[in-house]
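[1] Provided below for reference: sequence and predicted model.
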Amino acid sequence: MATYVGIELDSFSVRAAVVRSQLGRTHIVRLVELWLSQFPVEPSSPDTESGAPPESPAKRAVAEVLRAAGAGPGAEVVVGMPSDEVSLRRVELPLAAAKKVDELLPFEVEALIPFESEDTLLEHQSIESTDPSKLRLLVCAAPKARIRQRLAELATVGLDPSMLAPSAVSLAGLATFLPTFAAVEAPRMLVCVLIDRTEIAIVRRGRWARAFHSMSSWRC
């Protein structure tokens, strides 16, 4: 049995989902959300015993979310990354190229991504293809400097994730827990409206199909 903890952290709140996978079945165990405003800023004087500065509201909120989620020490932690900080592209390759994907991708996406290729980290996953002779991939490109920055930010709140996942990609993963999504041919849209952005995933037969998009939400 494998246990995963998915965490989304922004300027306003911390959200966590505990997911367990066993015997080929995956289910959600617990969902937790806490607002950072529940953890007021502590006085600026350092801890009298250790001399360390007081913990930030975000760090205390993350610790409380993990405790409330019941995440054990063996759980893998996956943290969401805003989709507007990465570039998501669909790429098609000949099926014969399947064993050389890592070698070919940098050349295939060089003209498609808005980052310098030598400073970019690439990751991919297979997605639905209507042509059996083609390999269709969802490719995620992110600047290495931004990945390092994100990991450093997460370290300050006590998180050392095994994976960073674009929020829209994670949103599409919800289709796994919606059986009706896998039973219909027509595309379905999953939308997550947040305070500062909107994440959109379009899935078909329970899998990523068309496009992801992230945009700023209107502010009042």
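    Sure, I can see it.
[2] show me the shaky parts of this structure.
    Within the chain, the stretches with pLDDT under 70 are 42-53, 206-220.
[3] what ranges do the helices span in it?
    Assigned by DSSP state H, the helices in the chain fall at 57-69, 101-109, 144-155, 167-173, 179-182.
[4] looking at the ones you listed, which is buried most?
    Of all these, helix 167-173 has the most neighbours on average by mean count of other CB atoms under 10 Å, namely a mean of 22. Heads up, the C-betas are built off the backbone N, CA and C, glycines and all.
[5] for that one, packing partners?
    Packing partners of helix 167-173 (3 or more CB pairs under 8 Å, 6 or more residues apart in numbering; DSSP states H and E): strand 2-9, strand 76-81, strand 188-193, strand 198-204, strand 207-215.
[6] how close does the closest residue in space to residue 85 that isn't next to it in sequence get to residue 189?
    Nearest residue to residue 85 in three dimensions, chain neighbours excluded: residue 146, at 5.9 Å (CB to CB, 6 or more residues apart in numbering). To residue 189, residue 146 is 27 Å away according to CB to CB, to the nearest Å.
[7] same check on residue 125?
    20 Å.
[8] show me what the residue most central in space within the chain is bridged to.
    Nearest to the geometric centre of the chain sits residue 165, at 2.5 Å (CA atoms, centre = their mean). On the basis of DSSP bridges, residue 165 is bridged to residue 80.
[9] gap between the residue nearest to residue 138 when sequence neighbours are not counted and residue 155?
    Leaving aside its chain neighbours, residue 138 sits nearest to residue 127 (4.9 Å; criterion: CB to CB, 6+ apart). Residue 127 sits 32 Å away from residue 155, going by CB to CB.
[10] got it, and residue 63?
    Using CB to CB, residue 63 is found at 14 Å from residue 155.
[11] again, but for residue 198
    28 Å.
[12] ok, residue 178 next?
    34 Å.
[13] so what touches stretch 133-153?
    Contacts of stretch 133-153 with the rest of the structure, by CB atoms under 8 Å, 6 or more residues apart in numbering, involve 81, 85-95, 97-98, 101, 105, 108-109, 113, 115, 119-129, 161, 164, 166, 169, 208.
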